[in-house]
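> Quick one, what's the 3D model for this:
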Amino acid sequence: MYTSTKDPVCGMTVSPNSTFRHVHQDITYLFCSPACLAKFQAAFSEFARSKIAEDGITYGCPLHPEVLMFEPGKCPKCWVELKQK
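Now for the predicted structure:
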């Protein structure tokens, strides 16, 4: 399962504990506010396609293969540095 810590609507960094979230095909999208969540849900396919097409690069945790992210950072489960895939 992949969890993004960057709001796909506004680009703001979001806490992994955010209650504003949308799950689709084992990907959890986190949001900074209910407004960004609503905007994302209204145009889900547009946001999802644009992020995947943006660079196609993903980052994963060497200890938790289910953790995949679109940006570099640390695993939200163990805080190990993510590796580019």
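> what separates P34 from S18, distance-wise?
Separation of P34 from S18 (C-beta to C-beta, to the nearest Å): 11 Å. The way it works is simple: take the backbone N, C-alpha and C, and place the C-beta from them, glycine included.
> out of those two, which sits in the more crowded spot?
Taking other C-beta atoms under 10 Å, P34 and S18 do not tie; S18 has more neighbours (17 against 10).
> Quick check: that one touching F31?
Yes: counting by C-beta atoms under 8 Å, S18 does reach F31; the two are 6.4 Å apart.
> Next up, phi/psi of S45, please.
According to degrees, to the nearest 10, the main-chain angles of S45 amount to phi -60, psi -30.
> repeat for A42
The main-chain torsion angles of A42 are listed as degrees, to the nearest 10 and equal phi -70, psi -30.
> Now Y29, what are its backbone angles?
Here is the backbone geometry of Y29 (degrees, to the nearest 10): phi -100, psi 130.
> quick one, what contacts the closest residue to it other than its chain neighbours?
Beyond its immediate neighbours in the sequence, the residue positioned closest to Y29 (C-beta to C-beta, 6 or more residues apart in numbering) is H22, lying 4.7 Å away. Listed by C-beta atoms under 8 Å, 6 or more residues apart in numbering, the contact partners of H22 are 28-29, 31, 37, 40-41, 44.
> now do 7 Å
29, 37, 40-41 (C-beta atoms under 7 Å, 6 or more residues apart in numbering).
> between the residues you listed, which has the most around it?
Counting by other C-beta under 10 Å, top hit in those: Y29 with 26 neighbours.
> is it true that T13 touches T5?
Yes: under the criterion of C-beta atoms under 7 Å, T13 lies in contact with T5, with a separation of 6.1 Å.
> who's more crowded, these two?
Taking other C-beta under 10 Å, T13 and T5 do not tie; T5 has more neighbours (18 against 11).
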